[in-house]
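Chemist: no letters, just coordinates:
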């Protein structure tokens, strides 16, 4: 199983050490990634800082649209995300689905609040 990338400033990256995720009940490998180096963490924080003022200046409808997009994509991939949650921590699938539904609702609520916030 190939290691999944994480993202630094919108670009895929791999750290120097591996992290293998095992299912907590049967021990099977469910995924692999790498751990970000201190320099990669610094680069991510610096990139976020660079765009903070630009992001803060976005009109409410643009911020709301981004939050709506996250809510829609989570809805489209709800089963996949729920199964990933279960694989990572052993949470029963029924509860993982509830967690995903809550995330969908939270992003939808945030989008509505972004439209009202001025």
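Modeler: Cool, got the structure. Keep in mind that this is a model prediction, so the values were computed, not measured.

Chemist: what segments of the chain are strands?
Modeler: Under the criterion DSSP state E, the chain contains strands at 6-8, 11-13, 17-22, 29-35.

Chemist: the first one pairs with which strands, parallel or anti?
Modeler: Strand 6-8 has its sheet partners listed here by DSSP bridges as strand 11-13 (antiparallel).

Chemist: what's stretch 84-100 in contact with?
Modeler: 21, 23-25, 30-31, 74, 78-79, 81-83 (Cβ atoms under 8 Å, 6 or more residues apart in numbering). (Each C-beta comes from the backbone N, C-alpha and C, glycine too.)

Chemist: which one of those residues is nearest to residue 112?
Modeler: Closest to residue 112 out of those is residue 74 (15.7 Å), distances taken as Cβ to Cβ.

Chemist: check contacts around the nearest residue to that closest one once chain neighbours are set aside.
Modeler: Excluding its sequence neighbours, the residue lying closest to residue 74 (Cβ to Cβ, 6 or more residues apart in numbering) is residue 104, at 4.9 Å. Residue 104 sits next to 71, 74-75, 78 when contact means Cβ under 8 Å, 6+ apart.

Chemist: look up how far residue 32 lies from residue 24.
Modeler: Applying Cβ to Cβ, to the nearest Å, the value for residue 24 to residue 32 is 16 Å.

Chemist: so in this structure, which helix runs the longest?
Modeler: Determined from DSSP state H, the single longest helix within the chain is helix 93-116.

Chemist: give me the distance from that one to the chain's centre.
Modeler: For helix 93-116, the separation from the chain centroid amounts to 13 Å (computed by Cα atoms, centre = their mean, to the nearest Å).

Chemist: flag every buried residue along stretch 20-36.
Modeler: Within stretch 20-36, the residues scored as buried using 16 or more other Cβ atoms under 10 Å are 21, 30-31, 33-34, 36.

Chemist: again, but for stretch 5-15
Modeler: Neighbour-count burial for stretch 5-15 flags 6, 8, 14-15 (criterion: 16+ other Cβ under 10 Å).
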